[in-house]
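Trainee: let me see the structure of the following:
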Amino acid sequence: MLQTREHLAILDLLKVSSGVVALTKSDLVDADWLDLVTADVASTLDGTSLACAAIIPVSSRTRQGIPQLLQEMDRLLAACPPRPDRGARA
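Mentor: Residues are numbered from 1 along each chain as shown. This is a model prediction of the structure:
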């Protein structure tokens with residue numbers, strides 16, 4: 001989708017170097033279609049800052065994939081460097 005490609009371009013401009021893709025509503029399609037969509041998303045990510053991002057099919061209704069998504073998010077967050085202290089105080 002055009003909006004997805006625009007968001008991906010913005011992430012590249014911001015130099016976002018890691019992320020995870022959640023393929024939502026995966027419970028509403030069959031396995032063959034899900035494989036096709038996953039391959040299409042991977043192809044779209046090629047050549048971007050998210051080329052190596054995990055693509056995880058999820059369903060909020062059945063909770064399928066939610067544990068894997070949370071695990072991947074935890075892994076990515078643990079690998080993030082701490083934010084620099086620029087002296088700003090709240």
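Trainee: now do the helices in this structure.
Mentor: For the chain, the helices defined by DSSP state H occupy 2-13, 31-45, 66-79.
Trainee: so which elements touch the shortest one?
Mentor: Read it as helix 2-13. When contacts are defined as 3 or more Cβ pairs under 8 Å, 6 or more residues apart in numbering; DSSP states H and E, helix 2-13 sits against helix 31-45. The way it works is simple: take the backbone N, C-alpha and C, and place the C-beta from them, glycine included.
Trainee: now do the helix it packs on: distance to the chain's middle.
Mentor: 13 Å (Cα atoms, centre = their mean, to the nearest Å).
Trainee: again with stretch 16-24
Mentor: 1 Å.
Trainee: please look at I66 and V58 and confirm they touch.
Mentor: Yes - proximity of I66 to V58 meets the contact threshold set by Cβ atoms under 8 Å, at 5.7 Å.
Trainee: which of these two has more neighbours?
Mentor: A direct count of neighbours by other Cβ atoms under 10 Å for I66 and V58 places V58 higher, at 21 against 14.
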